[in-house]
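1. Next comes the sequence, and after it the predicted model I'd like to discuss.
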Amino acid sequence: MNLSNAITRRILLLTMIAVPTTLFFCMLQVATTAGVPFLGLIFWQCLAGAVAFGLTLIARRTPIPLRAAHMRYYGAAAVFGLVIPYLGMTYAAANIPVGILGMVFTIEPALTYLIALILIIERYQGLRFAGLLIGIAGLLLILLPQSSLPSPDMLPWVLVALSVPVSWALWSNWMHFDKPPEVDSAVGAGAMMILGSIMLAAPATLTGEIGWLFGDQAHVWWVIPVFSVLNVWLWLACLETIRLEGPVFYSTWTFIGTPLSIAFGMMFFAERHSLWIWSALILLFASLYLVNRTMIQAQTRPLPDEV
C-alpha cells in the first residue's frame with residue numbers, strides 16, 4: 001500500500017469511529033435530559049446492540065468460540081470496553097457539556113501509548129513520552145482553575161468522565177495483546193455486547209430502572225434503536241482499526257472526535273467554553289500530535305508468538 005492510500009484508509013478508519021462516538025455523546029444528552037434512568041438506559045442499549053450482533057452472526061452462521069482464552073478476552077472487553085466506560089460516560093453526560101466530555105477523551109492516545117509501552121507493544125520514543133506529559137498538563141488546565149468549567153460542581157463529573165479514556169486505553173491494548181486467533185471483529189463485538197448486557201441486567205433490575213421503557217419515559221423509546229445502530233457501527237470500526245493499525249493509532253480517533261464534540265455541543269446545546277478550556281484544548285492537541293507523529297511510518301512491535 002502506498003503512502004497516500006495508507007493515509008486515506010487511516011483517515012477513513014478514524015472518521016468511522018469519531019462520528020458514532022460524537023453522536024453517542026449527543027444522544028446521551030438527549031436521553032438523560034428526558035429523565036431516562038442511567039442504568040436502565042445502558043442496559044437496554046447494550047441489549048439492543050447484542051441482539052443486532054446476534055442476528056448478524058446467525059445470518060453469517062458464525063459461532064462464538066467459548067474456550068477459556070475466549071471467555072477471558074470477552075470478559076475483559078465487556079468490563080473495560082463497555083460496562084465501565086458506558087457507566088462513566090452516561091453519568092458524566094448528564095452533568096457536563098458535550099464539548100467538555102469530548103475534550104476529556106483527548107487524553108486517551110497518551111494513556112494508550114503509556115500502557116502499550118508497559119506491555120511492550122510500542123517502543124519508547126522521547127517525543128511521544130513528552131506528548132504524554134503535555135496531555136496531563138492539558139487535563140490539569142481543565143481540572144485545577146476554578147473558572148475553567150461553567151460550574152465548580154462539574155469537577156467531580158469530569159473525574160468520572162476521565163474513567164472512560166482510562167478504561168478504553170486498557171481495553172484497546174488488551175484487545176490487541178490477548179486476541180484469540182479465531183475471533184474476528186463481529187464475533188468480538190457481539191460477545192462483548194452480549195456479556196455486557198448480562199452484567200448490567202442484575203443492577204438495572206435491582207434498582208428498578210429496567211422498566212423505564214414502560215413508564216413515564218416511554219415516549220423516548222426511539223433512542224434505543226438509535227443506540228443499537230451506533231453500537232454496531234462503533235464497535236466494528238474500533239475492533240477493525242485495532243486489528244489493522246494497532247491500539248495507539250486507534251486511540252487517535254480523538255483528532256476528529258474532539259473538534260466534532262465541541263462543534264456539536266456549541267451548535268445543538270448552545271455550549272460556550274472558558275479561555276482555560278481553549279488553552280487546555282491546545283495542549284491536548286499538542287499531546288495528540290507528539291504521541292502519534294510517526295504513526296504513518298511506525299509499525300506496532302509484533303507479539304512474541306508472532307516473531
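-> Okay, I see it.

2. use CA for all of it now, contacts and neighbours both
-> Noted.

3. Quick check, residue 117 in contact with residue 124.
-> Yes - with contact defined as C-alpha atoms under 8 Å, residue 117 reaches residue 124; the gap is 6.5 Å.

4. Residue 15: how many residues sit nearby?
-> Neighbour count of residue 15, defined by other C-alpha atoms under 10 Å: 18.

5. typed the wrong thing, it's residue 64
-> 18.

6. And for the one 3 residues further on?
-> Residue 67 is surrounded by 9 other residues when neighbours are defined as other C-alpha under 10 Å.

7. any idea how far it is from residue 182?
-> Separation of residue 67 from residue 182 (C-alpha to C-alpha, to the nearest Å) stands at 11 Å.

8. do residue 87 as well
-> 30 Å.

9. And these two? Which one has more around it.
-> Comparing residue 87 with residue 182 by other C-alpha under 10 Å, the one with more neighbours is residue 87, at 20 against 10.

10. Helices of the chain, residue ranges please.
-> For the chain, applying DSSP state H gives helices covering 3-33, 38-60, 68-76, 84-93, 98-104, 108-118, 126-143, 155-177, 185-206, 223-245, 247-250, 254-268, 275-292.

11. Next, give phi and psi for residue 217.
-> For residue 217, the backbone dihedrals (degrees, to the nearest 10) come out as phi -90, psi 10.

12. Residue 217: which of the helices of the chain is closest?
-> Set against residue 217 and scored by C-alpha to C-alpha, the helices of the chain come closest in helix 3-33, at 9.2 Å.

13. Run the angle between the closest one and helix 223-245 for me.
-> Counting by axes from the mean of the first three to the mean of the last three C-alpha atoms, to 10 degrees, helix 3-33 points 150 degrees away from the direction of helix 223-245.

14. most centrally placed residue in the protein?
-> For the chain, residue 168 is the residue whose C-alpha lies nearest the centre (C-alpha atoms, centre = their mean; 5.7 Å).

15. any idea how far that residue lies from residue 265?
-> Counting by C-alpha to C-alpha - residue 168 and residue 265 are separated by 22 Å.

16. returning to what we had before: if we ignore the residues flanking it in sequence, what's nearest the residue nearest to the centre of the chain?
-> Excluding the flanking residues, the one nearest residue 168 by C-alpha to C-alpha, 6 or more residues apart in numbering is residue 81, at 5.7 Å.

17. Same check on residue 13?
-> Nearest to residue 13 is residue 241, by C-alpha to C-alpha, 6+ apart, at 6.3 Å.

18. Now do the contacts for residue 24.
-> Neighbouring residues of residue 24 by C-alpha atoms under 8 Å, 6 or more residues apart in numbering: 227, 230.

19. Tell me how far it lies from residue 42.
-> Distance from residue 24 to residue 42, by C-alpha to C-alpha: 12 Å.

20. ok, now residue 209?
-> Separation of residue 209 from residue 42 (C-alpha to C-alpha): 10 Å.

21. Tell me which of those two has more neighbours.
-> Shown here are residue 209 and residue 42; by other C-alpha under 10 Å, residue 42 has more neighbours (26 against 18).

22. Quick check: closest non-adjacent residue to the more buried one.
-> residue 86 (6.8 Å).

23. what does residue 275 give?
-> Closest residue in space to residue 275, ignoring its immediate chain neighbours: residue 148 at 7.3 Å, by C-alpha to C-alpha, 6+ apart.

24. No more questions from me, cheers.
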